[in-house]
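*Asks:* show me the folded form of this:
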Amino acid sequence: MTEAPYVRYEVRDGFAVLTLDSPHNRNALSSRLVQELLAGLERAGADGQVRGVVLTHTGNTFCAGADLKEALDADPAAAADIRTRWMVSVLRTILELPKPVVAQVNGNVRAGGMGIVAACDLAVAGPEASFALTEARIGLAPFIISLTLLPRMSPRAAARYFQTGETFDAAEAQRAGLITVAAEDPAAEVARLGARLRLGSPQGLAESKRLVNAALLAEFDRSADDLAKRSGSYFGTPEVIEGMTAFFQRRPPNWAQ
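*Replies:* Numbers count the residues shown, from 1 in each chain. Model prediction:
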C-alpha cells in the first residue's frame, strides 16, 4: 500500500497546487516533506501548462519549521547543517522558479515557515493565521530565513519580531510587509489573484519575477554560506541546549525564570 504523500500535487485552473499535508508534525520540514516539496516545485516549473504555483496546507499549521524530533545525526551540529542546506534549497528554488508562487495560509506559521512565506511572490493569509519568530527564545536567531524575511519586512517590524518572539496576526503581517493581503476568505482571494496572473504571458511573468527578485537573489548568494556557518556554530552551545531542552519539556529556559 502506497503511503499518502506529505505534499499533495494537483493542477487547478492552470496552477499547480502544492498542499503541505503532514499535520501529525505540524507540516514541519522533515526530510520527506522537503524532498516532496522540491519535487513538486520542479514538476510545476517544467510543466508548460502550469502558469504558477499555489502553496497551501492542511491542518491548523502552515509550517512549523524544522522537524527537530527527526533523528538525522548523532552530532547536533551535523544535523543542523543538513537542515540548513534543506532550507537554503527550498527558499532559493521558490525565488528562482520562473513562475509566480502564491502562499495561501490560514494557520500558524513559525520558523522556516516564515521564510517560505517570505520567499513566495504573493502571500495571502486568513483570519486563522498567526506568525512568530521565536528563535531568540531558544538561543538562536532566524539566520537563513532572514535572507527572505529582511527584504520583505519593514526594518522596524523585523527588529521587533526577530527579538521579541511575539505572535502577530494577518493584518499585522500585511502592515509589516510579510504578506501581500490579509483576507477573510484566503481561497477566494488567491483565486482572484490567480485570474489576474493568468492575464500575463509566461515570458512576461518570468521576466517580471526576475526583475523583482534580482537584488534579493544576489544578496542570498552572497550571504547564504556565511549565515549557514553562523547558524551551525550555535548548535551544541549551552544556551541552545538549554533552550531546546526547555522547549521540549514545556518550561521556561533558565534565563527567563
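*Asks:* when you work out contacts or count neighbours from here on, use the C-alpha atoms and nothing else.
*Replies:* Noted.
*Asks:* can you show me the strands along the stretch 51-200 of the chain?
*Replies:* 52-57, 61-63, 101-105, 108-110, 122-125, 130-132, 168-169, 181-182 (DSSP state E, counting those that start in this stretch).
*Asks:* buried deepest among these, which one?
*Replies:* For these, the largest average neighbour count (mean count of other C-alpha atoms under 10 Å) is found in strand 61-63, namely a mean of 30.
*Asks:* counting by contacts, list what it packs against.
*Replies:* On a contact count with 3 or more C-alpha pairs under 8 Å, 6 or more residues apart in numbering; DSSP states H and E, strand 61-63 meets strand 108-110, helix 112-119.
*Asks:* partner strands of that strand, with direction?
*Replies:* strand 108-110 (parallel) (DSSP bridges).
*Asks:* residues making contact with the partner strand?
*Replies:* Strand 108-110 is contacted from outside by 60-65, 128-134, using C-alpha atoms under 8 Å, 6 or more residues apart in numbering.
*Asks:* for residue 166, state which of those residues is nearest.
*Replies:* Residue 166 lies nearest to residue 132 out of these, by C-alpha to C-alpha, at 5.9 Å.
*Asks:* thought residue 240 was touching residue 136?
*Replies:* No. Counting by C-alpha atoms under 8 Å, residue 240 stays clear of residue 136, with 9.5 Å between them.
*Asks:* these two - which one has more neighbours?
*Replies:* Taking other C-alpha atoms under 10 Å, residue 240 and residue 136 do not tie; residue 240 has more neighbours (19 against 16).
*Asks:* and the more buried one, what does it touch?
*Replies:* Residue 240 makes contact with 138-140, 234, according to C-alpha under 8 Å, 6+ apart.
*Asks:* neighbours of residue 215, how many?
*Replies:* Residue 215 has 11 nearby residues by other C-alpha under 10 Å.
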